[in-house]
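**Q** Output the structure for:
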Amino acid sequence: MSSWNTTTMIKMALGSTDLIIKYVSLGYGLAIIHNLNIDEANRENLHIRPLKRYFTRQYVHLILRRGENLSAASRAFMELF
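**A** Model (predicted):
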């Protein structure tokens, strides 16, 4: 596992996983969510990477919109996985 700066800059906090998935699909960034919330319709529109090796007790995934032009920070974050 790569070392990384754990300081984060949260731009938005949402109380609903479905809403988080919707915002990611609209291009508002990326998210780490539990896999129970990822259905087949979401899999068609999102690029999903399992993060099980980093979160061994849960099945957690990083999600982002397919074809999205990511910021340098988002690309660096994705390269960790």
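**Q** so G29, which of the three states?
**A** Under the three-state scheme (DSSP: H, G, I helix; E, B strand; the rest coil), G29 adopts coil.
**Q** How much space separates it from L64?
**A** Distance, G29 to L64, using C-beta to C-beta, to the nearest Å: 7 Å. To be clear about C-beta, it is placed using only N, CA and C from the backbone, and glycine gets the same treatment.
**Q** Show me whatever sits in contact with both of these two.
**A** S74 (C-beta atoms under 8 Å, 6 or more residues apart in numbering).
**Q** What segments of the chain are strands?
**A** With strands called from DSSP state E, the chain shows them at 31-34, 46-50, 60-65.
**Q** quick one, which of these is nearest to L19?
**A** Proximity to L19 (C-beta to C-beta) singles out strand 31-34 among the strands of the chain, at 10.3 Å.
**Q** Can you list the buried residues in that closest one?
**A** Neighbour-count burial for strand 31-34, counted by 16 or more other C-beta atoms under 10 Å, picks out A31, I33.
**Q** Give me the sheet partners of that strand and which way each runs.
**A** strand 60-65 (antiparallel) (DSSP bridges).
**Q** Show residues contacting the strand it pairs with.
**A** Against strand 60-65 from outside (C-beta under 8 Å, 6+ apart): 21, 24-27, 29-35, 38, 42, 45-52, 54, 70, 74, 78, 81.
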